[in-house]
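Undergrad: Okay, sequence plus prediction incoming.
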Amino acid sequence: MALRDRPLSPHLQVYRPQLTSILSIFHRLTGVFLTTGAAMLCCWLLTAAAGPEYYAWSQWFLTSWLGYALLAAWSYCLFYHLCNGIRHLFWDVGLGFELRTTYASGVLMVLASFGLFGLSWGLGLYFYFTG
Amino acid sequence: MSIQTPLARVRHLGSAKEGADHWWWQRLTAILLVPLSLWFVASIWWLVVGGATYEAFQDWLSGPVAAILMLIFVGALFYHLKLGLQTVIEDYVHKKAVKWTFLVMINLGCIIGAVAAVYSTVAVAFGG
């Protein structure tokens, strides 16, 4: 058992950061963080099933400062995970493995996630002022 | 060279004891979640940020389109969540007891979450 404590993949402490590895790590981090969003989705639906007075609690929480901060974080993480997920789906069918393509799709993915974030909050502001 | 017959190899899928189900379902749920999560965000912005009334919310979730999409969304979401968290734990947690505890919590948590979300959706959809 002499080999037992050797570092296992992905051993970040000995790995030089690159765009590809950073984007990959953030894919996992955003995925794990979105778990809290799924929990909030459950609370939102449960309060809705319990009736109007309980639904109002969710509405109150989500439109508080903390609620808006969380909605912003969840929505950005969702768009990031979605865009990088599409990049993964292309890799799954064997496309985009060239080093240059991998970097280009990485940059494109980050830009697309910011774009979707901006678009979605544009829509949010529209509903905020017209809703 | 293996001395197993092809049939035996297929039947028990070698030392892994399972096939590519985990990988495959992670992809299938991902494909479902691309359009569904965009629909979900737009709906949340309309209902929550737009400050829709409870009646408007109930009307929306009682319609067949929103109810069915929501049920598929939470099903795909919690299955994708279970598969993703499981992969993270399997990659980083190597102590058997800790790993087992996390995996049990993830599996039970996702089942509970999915059942709660499905029950609530159905209750609102048929409760009006």
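TA: Yes, it's here.

Undergrad: pLDDT below threshold where in chain A?
TA: For chain A, applying pLDDT under 70 flags the ranges A:1-3, A:6-12.

Undergrad: burial count for B:Ile89?
TA: Residues lying near B:Ile89 (other Cβ atoms under 10 Å in any protein chain shown) number 18. Where C-beta positions appear, they are placed from N, C-alpha and C, glycine not excepted.

Undergrad: host element of it?
TA: helix B:64-92 (DSSP states H and E).

Undergrad: Give me the buried positions along that helix.
TA: The neighbour-count check on helix B:64-92 (16 or more other Cβ atoms under 10 Å in any protein chain shown) flags B:66-67, B:69-71, B:73-86, B:89 as buried.

Undergrad: now do stretch A:30-46
TA: Applying 16+ other Cβ under 10 Å to stretch A:30-46 flags A:30-31, A:33-35, A:37-38, A:40-46 as buried.

Undergrad: give me the low-pLDDT residue ranges for chain B?
TA: For chain B (pLDDT under 70), the answer is B:1-2, B:8-19, B:128.

Undergrad: residues contacting whatever residue of it ends up closest to chain A?
TA: Across chain B, no residue is closer to chain A than B:Gly50, which sits at 2.6 Å (Cβ to the nearest Cβ). Going by Cβ atoms under 8 Å, 6 or more residues apart in numbering or on different chains, B:Gly50 touches A:127-128, A:130-131.

Undergrad: who's in contact with B:Gln26?
TA: With Cβ under 8 Å, 6+ apart, B:Gln26 has these contacts: B:80, B:83-84, B:87.

Undergrad: I'd like the residues you listed as a markdown table, with distance to chain A appended.
TA: Formatted as a markdown table, the contacts of B:Gln26 follow (distance: Cβ to the nearest Cβ, whole Å):
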| residue | distance to chain A |
| --- | --- |
| B:His80 | 9 |
| B:Leu83 | 10 |
| B:Gly84 | 5 |
| B:Thr87 | 9 |
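
Undergrad: Just the buried positions in the top helix by length along chain B, please.
TA: For chain B, the longest helix by residue count, based on DSSP state H, is helix B:96-127. Neighbour-count burial for helix B:96-127 flags B:102-103, B:106, B:109-110, B:113-114, B:116-118, B:120-121, B:124-125 (criterion: 16+ other Cβ under 10 Å).

Undergrad: List, out of those residues, those positioned next to chain A.
TA: B:113, B:116-117, B:120-121, B:124 (Cβ under 8 Å from any Cβ of the partner chain).

Undergrad: which of the contacts of B:Gly50 come close to chain B?
TA: A:127-128, A:130-131.

Undergrad: Determine which two of those are furthest apart.
TA: Spatially, the most separated pair among the ones next to chain B among the contacts of B:Gly50 is A:Tyr128 and A:Thr130, at 7.8 Å (Cβ to Cβ).

Undergrad: So which elements touch the longest helix of chain B?
TA: helix A:19-50, helix B:54-62, helix B:64-92 (3 or more Cβ pairs under 8 Å, 6 or more residues apart in numbering or on different chains; DSSP states H and E).

Undergrad: Only the buried residues of the shortest one, if you could.
TA: In other words, helix B:54-62. Buried residues in helix B:54-62 (16+ other Cβ under 10 Å): B:54, B:57-58, B:60-61.

Undergrad: I would like the residues contacting it, please.
TA: A:48, A:52, A:55-56, B:43, B:47, B:52, B:66-67, B:70, B:121, B:124-128.

Undergrad: neighbours around A:Thr20, how many?
TA: Count around A:Thr20 with other Cβ under 10 Å applied: 13.
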